[in-house]
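Colleague: Mind folding the following:
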Amino acid sequence: MKRLFLQYICIALLFLTIPGVLEAFELEITAGINGMTFHPDKTRTYAESGDEFGPYPYALGNISLRRDITKSLSFNINLERDNILQNSMNIRLISRTDHFKFEFGPFLGLTDSAGKPDAGIIGELELTFPGIFYISIHGSSTLGSKIDKFSPNTRETLGTKTGFWIKSTVISLYADYKSLSWQKEEYLTIRDANVRFCACLDFFGKNSKVTGNVFTGYQKYYRYYKRGNLETSDALSSWLAGAEFNFQVTRPLGIIIGFEVPFYNVPENPLTVTNRFILLSKLYAGFVYSFR
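Modeller: Presented below is the predicted three-dimensional model:
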């Protein structure tokens, strides 16, 4: 990562060394791969190059530091790498009451080819009636693309989610959109985007050592290649299913295991896709530790 990202990481680590700060902290680290990824070196459509869309093991990662300041106020420092938004970091201040949650803060983004970062804001609004239902909307958008110190890259996210409590489970529906546009070469701009619609079942128990969720849904993953006024694209739709489990090993330590499998792929002509769909899966694992 560039020095700007390293500076933020150093500030976060320095903050953690202040006496007493770790007493209310929660650290979560996960890492994995996502095989359903357009090859990063692609500069033309798969049809133009005569290639079949196949698995590319894109490395994923997430480091999240959360701390409660008061009963209703907390903050979250999050560093993430995924196959759509590539590398990003955000710092969010979170205010929560019995029926309302508000998150807001800045983010920085960096492509795998480095260069200047892009910057913007990220936020979420949630309305909750505990034990009955909740509804939320979240999003982020680049704001610094016109400032000299930042890159012309643009990234956007938008999503909504609603859920209902049924005993020790929550059934939810959500829609989510991610997009990143960046200059790959002097005369080539690439935009990767993903839109998905999913149904999810979260399960938990007051004395249970295993919590998590299972989900299924539909997604469309596409890439645009723009040279001047000429724009070409690849697109792949998929039906998918997955799950995440959190095993409480001891009181402060939990182990996270998750996966996602696209079990039915529908490429848009002329794109062709490998029939080894299992290699297009997403797998990750990690841990969460509470300093309390």
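Colleague: Can you tell me the closest non-neighbouring residue to the spatially most central residue of the chain?
Modeller: Centroid-nearest residue in the chain, with CA atoms, centre = their mean: Asp82, separated by 6.2 Å. Distance criterion CB to CB, 6 or more residues apart in numbering; nearest residue to Asp82, sequence neighbours excluded, is Leu60 at 5.7 Å. Just so you know, the C-beta spots here come from the backbone N, C-alpha and C atoms, and that holds for glycine as well.
Colleague: wait, the one you found sits on Ile84?
Modeller: No: under the criterion of CB atoms under 8 Å, Leu60 makes no contact with Ile84, lying 10.7 Å away.
Colleague: Low-confidence ranges, the stretch 51-200 of the chain, go.
Modeller: Judged by pLDDT under 70, the stretch 51-200 of the chain has its weakly predicted residues at 144-149.
Colleague: mind running it again at 50?
Modeller: Counting by pLDDT under 50, the stretch 51-200 of the chain has no low-confidence residues at all.
Colleague: and Thr70, what is it in contact with?
Modeller: By CB atoms under 8 Å, 6 or more residues apart in numbering, the contact set of Thr70 is empty.
Colleague: Roughly how far does it sit from Ser64?
Modeller: For Thr70, the distance to Ser64 equals 20 Å [CB to CB, to the nearest Å].
Colleague: ok, Lys209 - contacts?
Modeller: Neighbouring residues of Lys209 by CB under 8 Å, 6+ apart: 247-248.
Colleague: Do a quick rundown of the strands in the stretch 101-250 of the chain.
Modeller: With DSSP state E, counting those that start in this stretch, the ranges of strands along the stretch 101-250 of the chain come out as 114-129, 133-142, 154-166, 169-185, 188-203, 210-227, 230-248.
Colleague: Redo the ones you listed as TSV? Include distance to Asn269 and mean neighbour count.
Modeller: Shown next, in TSV, are the strands of the stretch 101-250 of the chain (distance: least, CB to CB, whole Å; neighbours: other CB atoms under 10 Å):
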stretch	distance to Asn269	mean neighbour count
strand 114-129	33	17
strand 133-142	32	17
strand 154-166	28	17
strand 169-185	23	17
strand 188-203	19	17
strand 210-227	13	17
strand 230-248	10	16
